[in-house]
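Peer 1: Give the three-dimensional model of this entry:
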Amino acid sequence: MRDSCVGCSFCKLSCRFDAIEVLGKAEIDHERCTLCRRCISYCPLSALVVE
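Peer 2: Reported below is the predicted structural model:
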């Protein structure tokens, strides 16, 4: 996660696996994340990094 996250929730709304929670900034649940990278394409600030 980069510091540029503003908590807009676009990533959360795009996630088909309910793997993102936004509590001020986006938090990825790595147990649920399938690394599809859909959230990255929806982030207007390129704030997400999926490892």
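
Peer 1: and the residue with the largest distance to the centre of the chain, what does it touch?
Peer 2: In the chain, the greatest distance from the average C-alpha position (C-alpha atoms, centre = their mean) is reached by residue 31, at 13.6 Å. Each residue near residue 31 by C-beta atoms under 8 Å, 6 or more residues apart in numbering is listed here: residue 19. Heads up, the C-betas are built off the backbone N, CA and C, glycines and all.

Peer 1: Name the SS class of it, please.
Peer 2: coil (DSSP: H, G, I helix; E, B strand; the rest coil).

Peer 1: Okay, now the unreliable bits of this protein?
Peer 2: 1-2, 51 (pLDDT under 70).

Peer 1: can I get the CA coordinates of stretch 32-43 in PDB?
Peer 2: The C-alpha trace of stretch 32-43 is given here as PDB (Å, rounded to 0.1, in the frame of the first residue of the first chain):
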ATOM      1  CA  ARG A  32      -9.100 -13.800   0.300                       C
ATOM      2  CA  CYS A  33      -7.100 -11.900  -2.400                       C
ATOM      3  CA  THR A  34      -6.600 -14.000  -5.600                       C
ATOM      4  CA  LEU A  35      -4.100 -11.500  -7.100                       C
ATOM      5  CA  CYS A  36      -6.400 -10.700 -10.000                       C
ATOM      6  CA  ARG A  37      -5.200  -7.100  -9.800                       C
ATOM      7  CA  ARG A  38      -8.700  -5.700 -10.700                       C
ATOM      8  CA  CYS A  39      -8.400  -3.300  -7.700                       C
ATOM      9  CA  ILE A  40      -5.200  -1.800  -9.100                       C
ATOM     10  CA  SER A  41      -6.900  -0.900 -12.400                       C
ATOM     11  CA  TYR A  42      -9.800   0.800 -10.500                       C
ATOM     12  CA  CYS A  43      -7.500   2.900  -8.200                       C
END
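
Peer 1: follow-up on the earlier one: quick one: the residue farthest from the centre of the chain from residue 24, how far?
Peer 2: Using C-beta to C-beta, to the nearest Å, residue 31 is found at 21 Å from residue 24.

Peer 1: Find the nearest non-adjacent residue to residue 19, please.
Peer 2: residue 32 (3.7 Å; C-beta to C-beta, 6 or more residues apart in numbering).
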